[in-house]
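Undergrad: 3D model of this:
(chains A and B)
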Amino acid sequence: MKAPDTLVEATLAVEHAMLVAYGALTCDSNPIHLDAGFAATTPYGRCIAHGTLSLNVLWQSIAATFDAATAARLDLDIRFTAPVFVGEHLVGGGARMPGTDTRYEVWVKAGDRTVIAGELDLQPAALRPSGPGISS
Amino acid sequence: MPTMTFADFVPGTVLGNDRFTVDAWWLAQWAIAVPGAAPSPGAIAMALAMRSYLSILRDRTPGNLHARQQLSVRRAVAAGDTVMSRLTCESAELRHERRRVVLAVAACDAQGDAFFEARMTILWAR
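TA: A predicted model of the protein is given here:
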């Protein structure tokens, strides 16, 4: 089957309760995500979402595009390029890179701002035989 | 463990190990954290990688910035699975006046079969 040219776009609205629950899931008690009083003293001025919480909209996009087996074996390499604030609506998607069937440029956007950008590879490199760390 | 500052990181050092079972409580939190979507293998792996890092390095300097994330998903973690993870410092270097720390999480089951590997690049505050 031919690889799709684009990922199915997914959306996610960021709410404070999501930050609280994601912080509990990941043992992340950083007040920049949870404490509006503390966040007001930072350059951001208000609470920001965990980068990997915002990344979930891209995972939803991947799940909507590919079958379960494909989504369970992949490499992702992304950069968090801008903060995401409570109340923002995120859109995740991607486009297949020219000349390849397995690599996609991927992104998460909040309005016209790109907040996450990177690359998805559906044909990941083999794991190293032992030891911690990841192949690159 | 005392607060980890940039000077404390030694490349190649294992910072700790974690063992976590994906249970009903964790999945219930997931439904609040990411409403309206079943967790995909990548989403679960990403959250478990962050959990490993943040539960092992509990005392971190405030103001750290998560700049880059690499994740290799090898198979799905399911409800009831126990995930064994190891956190390693891959590198710690001053680059363009930024304290750049690369941490790696390798996760597998009790038999050693890999679930995922993650590498997070963090700009350490001090």
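Undergrad: what's near enough to touch residue 108?
TA: Reading this off chain A. Each residue near A:Val108 by C-beta atoms under 8 Å, 6 or more residues apart in numbering or on different chains is listed here: A:54-55, A:57-58, A:90-92, A:114-117. (Glycine included, C-beta is placed from N, CA and C.)
Undergrad: ah, I was thinking of chain B
TA: Taking C-beta under 8 Å, 6+ apart, we find B:Cys108 in contact with B:83-85, B:114-115.
Undergrad: tell me what the lengthiest strand in chain B is packed against?
TA: Counting by DSSP state E, the longest strand found in chain B is strand B:82-95. If you count contacts as 3 or more C-beta pairs under 8 Å, 6 or more residues apart in numbering or on different chains; DSSP states H and E, strand B:82-95 packs onto strand B:14-21, helix B:41-56, strand B:98-108, strand B:114-124.
Undergrad: with the contacts of B:Cys108 in mind, which one is nearest to chain A?
TA: Checking the contacts of B:Cys108 against chain A by C-beta to the nearest C-beta gives B:Ala114 as the nearest, at 5.5 Å.
Undergrad: In the sheet, which residues pair with A:Ala13? Tell me.
TA: Per DSSP bridges, the residues bridged to A:Ala13 are A:His89.
Undergrad: Now that it has come up, it's in contact with A:His89, right?
TA: Yes. The pair A:Ala13 and A:His89 qualifies as a contact (C-beta atoms under 8 Å) at a distance of 5.0 Å.
Undergrad: Tell me the strands beside the longest strand of chain B, with direction?
TA: Note on strand B:82-95: by DSSP bridges, its sheet partners are strand B:14-21 (antiparallel), strand B:98-108 (antiparallel).
Undergrad: quick one: buried residues of that strand?
TA: Applying a neighbour-count criterion of 16 or more other C-beta atoms under 10 Å in any protein chain shown, one finds B:83-90, B:92 buried in strand B:82-95.
Undergrad: That one to helix B:41-56, inter-axis angle?
TA: Counting by axes from the mean of the first three to the mean of the last three C-alpha atoms, to 10 degrees, strand B:82-95 points 70 degrees away from the direction of helix B:41-56.
Undergrad: any chance of the buried residues of strand B:82-95 in CSV, plus pLDDT?
TA: CSV is the format used below for those (pLDDT from 0 to 100):
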residue, pLDDT
B:Val83, 98
B:Met84, 98
B:Ser85, 98
B:Arg86, 98
B:Leu87, 98
B:Thr88, 98
B:Cys89, 98
B:Glu90, 98
B:Ala92, 98
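Undergrad: And the furthest pair within these?
TA: Using C-beta to C-beta, the two most remote members of these are B:Val83 and B:Ala92, lying 25.6 Å apart.
Undergrad: who touches the residue nearest the centre of chain A in this structure?
TA: Here the mean C-alpha position of chain A is nearest to the C-alpha of A:Leu55 (C-alpha atoms, centre = their mean), at a distance of 1.8 Å. A:Leu55 sits next to A:78, A:108, A:116, B:43, B:46, B:69 when contact means C-beta under 8 Å, 6+ apart.
Undergrad: No more questions from me, cheers.
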